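Participant: Output the structure for:
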Amino acid sequence: MEPEQSNLPVAEPQPQPISAEPAPAPQPTPVSQPAPAPQPTQALAPEPAPAAPAPVSTTEQPVPKAKSKVTAGLLGIFLGAIGAHNWYLGEKAKGIAHVCMFFSSVPSIAVISFVLPNTRTLSATMQTEAVFDVLSTFFALIVIASAIWGLIEGIMILAKRQ
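Facilitator: As a prediction, the model looks like this:
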């Protein structure tokens, strides 16, 4: 780029009269003080900041892969008691409900049916056997209900049209 020319008048330097006196001698600088460093006439240009990544629009985000309805249905039919189909489909609340129902009932059935009867005497067994049978049946029904719930959801997934 060429510098712009202004229309303002420029003052010309005036000639100095010549005199017979010599010019004053420069004063020496004391040795103990260092000479000040010359200051740059222009400030250093700041370094450009690194380019920020472009914001990602919502349309450019990856779309989650569609889950197979056949896989979800088969998981519901065969592993519905533990909620495998719900975990596969991302329905965590239902999956937790299935897991809690299954894994709280099965150990309870095992303890009531096999461990407790072997720890009591014969007379105590005769008196509390009915209670153990009721508890064992209750927990067995919970496991069966969880399995039926998973089976029905698996069939509904397979029968649903997309």
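
Participant: I'd like the average pLDDT over the top helix by length along the chain.
Facilitator: Ranked by number of residues, the top helix in the chain under DSSP state H is helix 122-159. For helix 122-159, mean pLDDT rounds to 84.

Participant: Point out the other helices and strands that it packs with.
Facilitator: For helix 122-159, the elements it packs on are helix 69-79, helix 84-89, helix 92-110, judged by 3 or more Cβ pairs under 8 Å, 6 or more residues apart in numbering; DSSP states H and E. Backbone N, C-alpha and C define where each C-beta goes, glycine included.

Participant: what comes up buried for it?
Facilitator: Residues of helix 122-159 classed as buried: 132, 135-136, 139-140, 142-143, 146-147, 149-150, 153-154, 157 (neighbour count, 16 or more other Cβ atoms under 10 Å).

Participant: I'd like those residues laid out as JSON lines, including distance to Trp87.
Facilitator: Formatted as JSON lines, these follow (distance: Cβ to Cβ, whole Å):
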{"residue": "Phe132", "distance to Trp87": "33"}
{"residue": "Leu135", "distance to Trp87": "29"}
{"residue": "Ser136", "distance to Trp87": "28"}
{"residue": "Phe139", "distance to Trp87": "23"}
{"residue": "Ala140", "distance to Trp87": "24"}
{"residue": "Ile142", "distance to Trp87": "19"}
{"residue": "Val143", "distance to Trp87": "18"}
{"residue": "Ser146", "distance to Trp87": "14"}
{"residue": "Ala147", "distance to Trp87": "16"}
{"residue": "Trp149", "distance to Trp87": "14"}
{"residue": "Gly150", "distance to Trp87": "11"}
{"residue": "Glu153", "distance to Trp87": "12"}
{"residue": "Gly154", "distance to Trp87": "13"}
{"residue": "Ile157", "distance to Trp87": "13"}
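
Participant: Among these, which one lies nearest to Val99?
Facilitator: Checking the buried residues of helix 122-159 against Val99 by Cβ to Cβ gives Ser146 as the nearest, at 9.1 Å.
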